[in-house]
Structures are given as structure tokens and as C-alpha cells.
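Novice: how does the following fold in three dimensions:
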Amino acid sequence: MKPMKIHLITVGKPKLHYANLGWNEYMWRLEHFYKVVANHLHDKYANDAAKILDASADTYRVVLVIEGKEMSSRELAVFLRRRELTQKNISFIIGGPEGLPQEVIDKADFRWSLSPLTFPHDLAMVVMLEALYRASSINAGQPYHK
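Specialist: Residues are numbered from 1 along each chain as shown. Model (predicted):
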């Protein structure tokens, strides 16, 4: 079975120092489990549904939206394991500070919510990566810190 590739598609890059450090740290950790590709679209594409959809073409699309399904770390681990079995690459898509265009949300395969809280854009990117890393480490049988 070929390993699943994870695409991280964000509108904008982490701009704040702490977020940039967090992004780089969790990217490095996540790459121990998957081939990970990050595509930071320029802020000018925040409302360009076609550009965002093109970046996630031929993948299982997961959009991060506040009204999506919340998952525990263990539930996310199961979700990733099930996605791996399909042998289809997966995209996690975070819009700009104003969210994602409705067309992108409508064409998503899954809607995920990190929390009912609203996070600053930079922090949401880091929280997403940490959650993916934690779920991946659970799947690898590494200690799970609660």
C-alpha cells in the first residue's frame, strides 16, 4: 500500500513569530509519518474558489469550518487511518481570516471544526498541524499524552 500524502492548503502563511515556529516544528514532526506538501496561497486568493479547489484537485478535501464536525485526538486518528485505506491523498484546507468561499465548502468531502472557539488565523494553522501530528503518533502506537 502506498503511503498517503497530506496536502495542507492555507490562504496565507503563518505571519506571527510564534506561529511560524509552531508551523515549522509540527511540519517536521508530521513528516515522520506522511509525505506532507504545504501550499500557502497568497492572501489575494482568499475568495478565489477556483484557485483553492485547483490546489486540492484529485484529493479528499477536508475544510476547516467552525460548523464542522469536532473530533477528539483518537477520533481524528481513526479518521486518518480510514482515509489511508482508500489510498487517496487528502487535503486539509484553511481559508483566510474571513473563512472559505462557500463553493469550496460545498465541494468538500468533509467539514472539520477544531473547536467551537474562534482562533486567530495563524493559531488555527498551528493547532491543525499539532492535531494531525498527535493523531498520527496515536496511529503509530506512540505514547498518547492526555
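Novice: every contact and neighbour count from this point should use C-alpha atoms.
Specialist: Will do.
Novice: where along the chain do the helices fall?
Specialist: Applying DSSP state H to the chain gives helices spanning 17-30, 49-55, 73-85, 102-106, 121-139.
Novice: name the surrounding residues that touch the third one.
Specialist: The contact list for helix 73-85, computed with CA atoms under 8 Å, 6 or more residues apart in numbering, reads 3-4, 90, 131-132, 134-136, 138-139.
Novice: apply 6 Å and report the result again.
Specialist: Helix 73-85 is contacted from outside by 4, 135, 139, using CA atoms under 6 Å, 6 or more residues apart in numbering.
Novice: likewise for the shortest one?
Specialist: The contact list for helix 102-106, computed with CA under 6 Å, 6+ apart, reads residue 49.
Novice: and if you look at the second one?
Specialist: Residues from elsewhere that reach helix 49-55 (CA under 6 Å, 6+ apart): 101, 104.
Novice: who touches residue 112 in this structure?
Specialist: With contacts defined as CA under 6 Å, 6+ apart, the neighbours of residue 112 are 64-65, 68-69.
Novice: turn the residues you listed into JSON lines, including distance to residue 25.
Specialist: Shown next, in JSON lines, are those (distance: CA to CA, whole Å):
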{"residue": "64", "distance to residue 25": "21"}
{"residue": "65", "distance to residue 25": "24"}
{"residue": "68", "distance to residue 25": "26"}
{"residue": "69", "distance to residue 25": "26"}
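Novice: of these, grab the buried ones for PyMOL.
Specialist: Buried subset of the contacts of residue 112, written as a PyMOL selection, criterion 16 or more other CA atoms under 10 Å:
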select buried, resi 64+65+68
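Novice: the contacts of residue 112 in strands, which ones?
Specialist: 64-65, 68-69 (DSSP state E).
Novice: what is the nearest of these to residue 125?
Specialist: Comparing the ones in strands among the contacts of residue 112 against residue 125 with CA to CA places residue 64 closest, at 9.9 Å.
Novice: which among the contacts of helix 73-85 end up buried?
Specialist: Restricting those to buried positions leaves 4, 135, 139, with burial counted as 16+ other CA under 10 Å.
Novice: what's around residue 23, how many residues?
Specialist: If you count neighbours by other CA atoms under 10 Å, residue 23 ends up with 22.
Novice: this completes my enquiry, with thanks.
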